[in-house]
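1. This is a predicted model, with the sequence first.
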Amino acid sequence: MSAELIDEIRAAFDEGLAIPYLGPGVLELAGDACTVPASPAALVARLTEKASVPHKIRDNLTAAAQFIENFKHRNTVKAAMTEAFTNEMEPTDFHRYLAALPKLPLLVHAWYDDLPNKALASRSEPWGVAQGISQTEHYGHWIHYFESDATLLPNPPESKFSVESCAPAMAPDEVKRWATLLYEPLGSIAPAQNYLVSDTDFVEVLTEIDIQTPVPEPVRDIRKGRHFLFLGCRFGKQLDRLWARQVSKRSSDFHWAVLPGELTKNELRFLEEKNIKRIDMTLEAFAEALMGSGAKVETQQPEMALGA
């Protein structure tokens with residue numbers, strides 16, 4: 001039942017065992033206040049407003065970005081992405097709720113906006129960012145690490161996250177550790193305008209993803225024994241499934257996903273493969289229920305681990 005799953009998720013957050021995984025759909029919670037693209041379709045429309053792209057790829061984000069990169073240079077793509085995601089938006093209440101969780105070892109953000117960064121800025125505990133970067137711009141490197149103040153680090157802090165404790169212990173030298181890591185596999189406008197968006201960007205990642213090279217070592221450590229909560233994500237497209245699969249690899253034996261409405265065959269297969277418990281609610285209703293501000297959750301059809 002949805003109510004039971006929400007209680008289960010809340011308990012997992014209390015124990016530091018749940019990892020939010022935010023897709024572009026989370027931006028829909030901002031309603032009319034959302035001023036940035038909230039879906040791949042909306043983003044590709046923005047990118048092709050000022051660039052002539054063949055009709056057959058105008059609705060394909062990665063292909064359109066690749067065409068612009070090939071014929072107008074990578075900097076044109078980067079500038080268009082930055083323009084699309086430059087904003088003065090405030091985080092939604094749900095962003096703030098997740099960022100304020102006392103035990104939040106990892107927050108995965110698979111889109112390009114900066115609302116999670118803004119929400120985490122209010123945390124009193126130290127936090128940092130691991131961000132995917134393009135091989136086109138940073139050949140030979142997969143990840144950049146940043147302090148919460150946007151300082152670029154040569155390496156991640158030598159922190160050790162474990163299931164037993166969300167906050168890593170201080171070493172004798174008292175080097176600052178991160179209690180929370182924001183992982184952005186696709187990059188983001190903040191803090192340094194890194195974006196993985198073109199075909200070339202993802203082909204480079206795909207050559208290494210099975211052996212986990214592009215996934216930061218701290219993420220591989222934190223996820224052990226923990227459950228992912230997929231929010232604002234759909235799994236109908238191969239690339240979306242790939243990221244969710246590889247980021248959650250070698251974690252716990254089940255997860256959750258808020259997926260309202262009819263599911264595609266690919267989504268159903270993916271839920272079964274990853275043993276994801278589906279919550280058939282709108283994200284708005286789920287967020288209100290989880291935060292405790294919504295009406296009592298109505299009992300719905302049973303949510304099965306096989307993606308019912």
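-> On my side now, so go ahead. Numbering: from 1, shown residues only.

2. thinking residue 258 is in contact with residue 286, fair?
-> Yes. Assessed by C-beta atoms under 8 Å, residue 258 is found in contact with residue 286 at 4.8 Å. Where C-beta positions appear, they are placed from N, C-alpha and C, glycine not excepted.

3. anything in contact with each of those two?
-> 231, 279 (C-beta atoms under 8 Å, 6 or more residues apart in numbering).

4. Enumerate every residue touching the nearest residue to residue 188 once chain neighbours are set aside.
-> Here the nearest residue to residue 188 in space, its sequence neighbours aside, is residue 112; by C-beta to C-beta, 6 or more residues apart in numbering that works out to 5.4 Å. If you count contacts by C-beta under 8 Å, 6+ apart, residue 112 has them with 36, 43, 81, 84-85, 186-189, 195, 197.

5. Ok, residue 115 next?
-> 26-27, 30, 89-92, 95.

6. would you turn the contacts of residue 112 into a markdown table with neighbour count, secondary structure and distance to residue 276?
-> Below are those laid out as a markdown table (neighbours: other C-beta atoms under 10 Å; DSSP: H, G, I helix; E, B strand; the rest coil; distance: C-beta to C-beta, whole Å):
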| residue | neighbour count | secondary structure | distance to residue 276 |
| --- | --- | --- | --- |
| 36 | 21 | coil | 27 |
| 43 | 23 | helix | 25 |
| 81 | 23 | helix | 30 |
| 84 | 21 | helix | 30 |
| 85 | 22 | helix | 28 |
| 186 | 20 | coil | 21 |
| 187 | 22 | strand | 25 |
| 188 | 26 | strand | 25 |
| 189 | 21 | coil | 29 |
| 195 | 25 | strand | 28 |
| 197 | 26 | coil | 26 |
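
7. Could I get those residues in CSV, plus columns for pLDDT?
-> Below are those laid out as CSV (pLDDT from 0 to 100):
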residue, pLDDT
36, 98
43, 98
81, 97
84, 97
85, 98
186, 97
187, 97
188, 98
189, 98
195, 97
197, 97
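
8. how far away is the residue nearest to residue 82 when sequence neighbours are not counted from residue 79?
-> Nearest-residue entry for residue 82: residue 193, 5.2 Å, with adjacent residues in sequence omitted and distances by C-beta to C-beta, 6+ apart. Counting by C-beta to C-beta, to the nearest Å, the gap from residue 193 to residue 79 is 9 Å.

9. So for the two, which residues contact both of them?
-> Contacts common to residue 193 and residue 79, judged by C-beta under 8 Å, 6+ apart, are absent.

10. Out of the contacts of residue 112, the closest to residue 100 would be?
-> residue 188 (20.2 Å; C-beta to C-beta).

11. Next, the nearest residue to residue 248 once chain neighbours are set aside: secondary structure please.
-> Spatial nearest neighbour of residue 248, excluding adjacent residues (C-beta to C-beta, 6+ apart): residue 228 at 4.7 Å. Using DSSP: H, G, I helix; E, B strand; the rest coil, the secondary structure recorded for residue 228 is strand.

12. Which strand residues bridge residue 228?
-> residue 19 (DSSP bridges).

13. From residue 54, how far out is it?
-> To residue 54, residue 228 is 37 Å away according to C-beta to C-beta.

14. Could I get the average pLDDT for stretch 108-117?
-> The pLDDT scores in stretch 108-117 average 98.

15. Mind jotting down where the helices sit in the stretch 51-200 of the chain?
-> Under the criterion DSSP state H, counting those that start in this stretch, the stretch 51-200 of the chain contains helices at 61-72, 74-85, 93-99, 115-120, 199-206.
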